[in-house]
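S.K.: coordinates only, sequence not included:
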């Protein structure tokens, strides 16, 4: 039984280094019905042959757009009625599982080492964190993207995992 979607989601990938992470995000996006991915900065694009290893054809089905900076895209998405949500750890971040997503959502994930800049975070409607129980304070960016998308799209404000 498929859970009912509560929102439409687009993804924004900012300066993701790993081709394999980007390929996996394309695959997750296909599985979740993501409308579009925005590949920002030095995030690799599907033209790179190594991206195929993890995307497994999903890169051909997901619409994507390459941009050097994110602010024009954020402005347009807000104009189009999207809520901008970042996945980032921080003291002021809200628990992912308490956020009730409705309507149009743009989910941002950032660089594997540096995360998302403070300037970009200030442009967001919400900054969400995935609760951690271990010694590490973060997950692999693709894993975080997958958890975030599934929770926002199908979680209905309830903890799924």
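M.R.: Ah, there it is. What you see is a predicted model; the values in this text were computed from it and never measured.

S.K.: List the buried residues for the lowest-mean-pLDDT helix or strand in the chain?
M.R.: Lowest by mean pLDDT, DSSP states H and E among the helices and strands of the chain is helix 52-55, with a mean of 76. Across helix 52-55, burial judged by 16 or more other Cβ atoms under 10 Å covers 52, 54-55. Every C-beta, even on glycine, is put in place using the N, C-alpha and C of the backbone.

S.K.: What is the burial count for the closest residue to residue 73 other than its chain neighbours?
M.R.: Ranked by Cβ to Cβ, 6 or more residues apart in numbering and with sequence neighbours excluded, the top spatial neighbour of residue 73 is residue 38, at 5.3 Å. When neighbours are counted by other Cβ atoms under 10 Å, residue 38 registers 22.

S.K.: ok so residue 38 is a helix residue?
M.R.: No: counting by DSSP: H, G, I helix; E, B strand; the rest coil, residue 38 is not part of a helix but strand.

S.K.: I'd assumed residue 22 was in contact with it.
M.R.: No: assessed by Cβ atoms under 8 Å, residue 38 is found out of contact with residue 22, at 11.9 Å.

S.K.: quick one, strands of the protein?
M.R.: 7-14, 36-40, 63-67, 82-87, 94-95, 103-109, 126-129 (DSSP state E).

S.K.: Quick one, which of those strands gets closest to residue 136.
M.R.: Closest approach to residue 136 among the strands of the chain (Cβ to Cβ): strand 126-129, 12.8 Å.

S.K.: Quick one: mean pLDDT over the closest one.
M.R.: Averaged across strand 126-129, the pLDDT comes to 96.

S.K.: Show me what counts as buried in that strand.
M.R.: Those would be 127-129, for strand 126-129 by 16+ other Cβ under 10 Å.

S.K.: Run me through the strand neighbours of it, direction for each.
M.R.: strand 82-87 (parallel), strand 94-95 (parallel) (DSSP bridges).

S.K.: Check the buried residues of strand 126-129 against residue 89 and report the nearest one.
M.R.: For these, the nearest to residue 89 is residue 129 (4.9 Å; Cβ to Cβ).
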